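> dropping the sequence and predicted coords here.
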Amino acid sequence: MAAEVVVVGFGAAGVATAVTAFELGAEVLILEKAPEGQEGGNTRVAGQGYLNTSSAEKAAAYLKALCGPYPVPDEMIRVWSEEMSLNNDWLAGLGGDPQEHQHQPEGIEFPDLPGADCVHKFHDGPTYGFSNTWKRLESLVKQRPIRVCYETPGRELIQDRTTGEILGVRAAQGGKSIFVKARKAVVLTCGGFENNQEMIRNYLSGVPYCYTSGSPFNEGDGISMALKVGADLWHMNNYAGPSMALKVPEFPTTFGMQALHFSKIVPGGMIVAGPDGRRFTDEKLKTRHGKVASNGTWQALRTPCPMHMVFDQTLMASGPLYDKTPSHGWTQIVERYDWSEDNGAEFSKGWIKTADTIAELARAIRLDPNSLSETVDRWNAQAAAGLDGDFRRTLMLAPFDRGPYYAVELSPSMLNTQGGPQRNEHGQVLQPGGAPIPRLYSAGELGSIYSYLYQGTGNIGECLAFGRVAARNAVAESLWS
Ligand SMILES: Cc1cc2nc3c(=O)[nH]c(=O)nc-3n(C[C@H](O)[C@H](O)[C@H](O)COP(=O)(O)OP(=O)(O)OC[C@H]3O[C@@H](n4cnc5c(N)ncnc54)[C@H](O)[C@@H]3O)c2cc1C
């Protein structure tokens, strides 16, 4: 099997790369790990927004400020800010239907930073969510003679030992190795390491484990492949998370709890306790994709594991604990898990524990009964007085009712990682020291530009922008045979 440009991964970055390369006249092949119907990665189940900035100058200032004490090269900032304003033109030029989100300007995540008003969030079609932008992107590939090999994960890059050039990919198909020749270049667009617990332990600080609400197929393969051919890594400790969510063995991805969402108000008493039986945060805090303000900086939300959401009968009886609206998230969009209206099915599965008293509940979830009882008593007193003196929570300030009481174990959850092989302004993957690995490119969240703070819709925006950049430069390579 051979093509001029071989694209590894069929999400937004893979689409932007493949379609741009095809439009420039290249023969393109996409290798995709997931079976047909589950391709699309995080893009498929995202909120579907993408960034289209309004002014390159302001965008450059905003990105620089987002990177804060973790700077990225000026050339990268320049290319990002120029390309990010062209996403709508690109999509519309291919028959898309860019529409601005209605909640502008609330969507600006860091409005106090310079250039923040460059932010304009778009989606394709009448509404965001529901895979709409992804459906459009996918159709751009399907309308063209671009071959997609499903269930064909890239395993290893084939490198010329003398020149260091990347000549193709070894992939797996039907239990066998296949060799795919790339006559011009390989572009890695195979997402992050959201499902690789070893990489999570090594690279993400503060979380001994973490799960995702995105695609279960993103396992850091692009990082392993790039490392083997001498790539440098960057932004490995940055990710869009954590939040706190339920993870059960029966499903690969997380379930968000309504009661913990900053915009959902449900009746009943609820707190989250850490392993010491104590609260550690405002449970209703609106984080900035997992970051919280701390002494003039932004730090990842603390998630002392195991964590438990502890709540009362009023909350249990108020409806499904899980928001099953299928607008975004792998569990909703792909698994389509139908959570029971009265939480009874999930209770029967053991996902929800119960006891008549807080002390008994503590024993059932292996917490210290005295600590948890003290925590709930303290919460009840503060809630009754209308003031959370510990964490300044202002939403759902309700004391616990008489019981029975309930607990759900929570895990750290994320949308996506940002780290991966370092790339330059041409989309080339770099070695330590800055020299490009010949004929190897990347785009998307695999080695994303975001080093510190993240502006929502920036990831898909970057996929489209750097997919085009990588494709243009990959197509400009000479044929090696
Ligand atoms: C619930 C949720 C909501 C989000 N909402 C937004 C939003 O509204 N706006 C925004 O900008 N960002 C959002 N994000 C983040 C954003 O979705 C991702 O960062 C972005 O879509 C990544 O695109 P990508 O093309 O780099 O990777 P992906 O879309 O994840 O695609 C990677 C593809 O590579 C495949 N793959 C993996 N390994 C291999 C391999 N070895 N060989 C071949 N293929 C492989 C995967 O199966 C997948 O199809 C959200 C994320 C989540 C989880």
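Happy to help now that I have it.
> does residue 357 touch residue 377 like I think?
No. In this structure, residue 357 is not within contact of residue 377 by Cβ atoms under 8 Å, at 12.0 Å. Using the backbone N, CA and C atoms, a C-beta is placed for each residue, glycine as well.
> count of residues packed around residue 93?
Applying the criterion other Cβ atoms under 10 Å, we find 10 residues in the vicinity of residue 93.
> swap that for residue 278, sorry
Residue 278 has 18 neighbours, counted by other Cβ under 10 Å.
> so it touches residue 375, yeah?
Yes. Assessed by Cβ under 8 Å, residue 278 is found in contact with residue 375 at 5.5 Å.
> buried residues in the lengthiest strand in the chain?
Looking only at the chain and at elements set by DSSP state E, the strand with the highest residue count is strand 176-188. Taking 16 or more other Cβ atoms under 10 Å as the basis for neighbour counts, the residues of strand 176-188 that come out buried are 180, 181, 182, 183, 184, 185, 186, 187, 188.
> same deal with stretch 401-410?
Judged by neighbour count using 16+ other Cβ under 10 Å, the buried positions of stretch 401-410 are 401, 405, 406, 407, 408, 409, 410.
> how close does the first one get to the ligand?
Same thing as residue 401. 33 Å (Cβ to the nearest ligand atom, to the nearest Å).
> cool, and the fourth one?
Between residue 407 and the ligand the distance, using Cβ to the nearest ligand atom, works out to 25 Å.
> and that residue, how far from residue 247?
15 Å (Cβ to Cβ, to the nearest Å).
> next, count neighbours for the residue nearest to residue 414 when sequence neighbours are not counted.
Setting aside the residues directly before and after it, residue 414 is nearest to residue 241 in space (Cβ to Cβ, 6 or more residues apart in numbering), at 2.8 Å. Using other Cβ under 10 Å, residue 241 has 28 neighbouring residues.
> go on, residue 261?
Here the count is done by other Cβ under 10 Å, and residue 261 has 15 residues near it.
> mind listing what it touches?
residue 323 (Cβ atoms under 8 Å, 6 or more residues apart in numbering).
> same deal with residue 271?
Remark: with contacts taken as Cβ under 8 Å, 6+ apart, residue 271 is in contact with 279, 283, 309, 310, 311, 375, 376, 379.
> give me the secondary structure label for it.
Classification of residue 271 using DSSP: H, G, I helix; E, B strand; the rest coil returns strand.
> could you give the bridge partners of it?
Counting by DSSP bridges, residue 271 forms beta bridges with residue 310.
> please enumerate the helices of the stretch 51-200 of the chain.
Using DSSP state H, counting those that start in this stretch, the helices of the stretch 51-200 of the chain run over residues 56-67, 74-83, 87-93, 132-142, 197-203.
> how about those helices, which one is nearest residue 226?
helix 197-203 (12.8 Å; Cβ to Cβ).
> I'd like the next helix or strand past that closest one.
Toward the C-terminal end, the helix or strand that comes next after helix 197-203 (DSSP states H and E) is strand 211-212.
> who's the closest spatial neighbour of the residue in the stretch 201-350 of the chain that the ligand sits nearest to, skipping the chain neighbours?
Checking the stretch 201-350 of the chain residue by residue against the ligand with Cβ to the nearest ligand atom singles out residue 214 as nearest, at 2.8 Å. If the residues on either side of it in the chain are set aside, residue 214 comes closest to residue 42, at 3.9 Å by Cβ to Cβ, 6+ apart.
> repeat for residue 3
The spatially closest residue to residue 3, leaving aside those adjacent along the chain, is residue 29, at 3.7 Å (Cβ to Cβ, 6+ apart).
> starting from the helix or strand hosting that neighbour, tell me which strands it pairs with and how they run.
When secondary structure is defined using DSSP H and E, the element that contains residue 29 is strand 28-31. Paired strands of strand 28-31, with direction, are strand 2-8 (parallel), strand 147-149 (parallel) (DSSP bridges).
> and those, which is most packed in?
Stretch with highest mean neighbour count among the strands paired with strand 28-31: strand 2-8 (a mean of 26; mean count of other Cβ atoms under 10 Å).
> please parse this protein into its domains.
Residue ranges for each domain of the chain read 2-239+416-475, 242-414, as given by automatic domain parsing.
> now distance to residue 481 and mean pLDDT too, for the ones you listed, in TSV please.
As requested, the domains of the chain are arranged in TSV below (distance: least, Cβ to Cβ, whole Å; pLDDT from 0 to 100):
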stretch	distance to residue 481	mean pLDDT
domain 2-239+416-475	6	97
domain 242-414	40	97
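> tell me the most buried of these?
For the domains of the chain, the largest average neighbour count (mean count of other Cβ under 10 Å) is found in domain 2-239+416-475, namely a mean of 21.
> straight-line length of that domain, end to end?
Counting by Cα to Cα, to the nearest Å, the length from the leading to the trailing residue of domain 2-239+416-475 is 15 Å.
> contact residues of the stretch 51-200 of the chain facing the ligand?
Counting by Cβ under 6 Å from any ligand atom, the residues of the stretch 51-200 of the chain close to the ligand are 153, 154, 189, 190, 191.
> how about the fourth one: what's its closest non-neighbour residue?
The reference is to residue 190. What sits nearest to residue 190 in space, not counting adjacent residues and going by Cβ to Cβ, 6+ apart, is residue 9, at 3.3 Å.
> now residue 442: closest residue in space that isn't a chain neighbour?
Setting aside the residues directly before and after it, residue 442 is nearest to residue 188 in space (Cβ to Cβ, 6+ apart), at 4.4 Å.
> tell me the contacts of the residue of the stretch 201-350 of the chain closest to the ligand?
Residue 214 touches 41, 42, 45, 46, 194, 253, 329, 330, 415, 416, counting by Cβ under 8 Å, 6+ apart.
> next: residue 469.
Applying Cβ under 8 Å, 6+ apart, the residues contacting residue 469 are 79, 83, 425, 426, 427, 443.
> if we take these, which one ends up nearest to residue 206?
Scanning these for proximity to residue 206, where the rule is Cβ to Cβ, the winner is residue 443, at 28.4 Å.
> any idea how far residue 66 is from that closest one?
Counting by Cβ to Cβ - residue 443 and residue 66 are separated by 19 Å.
> the most far-flung residue of the chain relative to its centre and residue 371, how far apart?
If you look at how far each residue of the chain sits from its centre, by Cα atoms, centre = their mean, the farthest one is residue 402, at 39.2 Å. In this structure, residue 402 lies at 21 Å from residue 371, with Cβ to Cβ as the measure.
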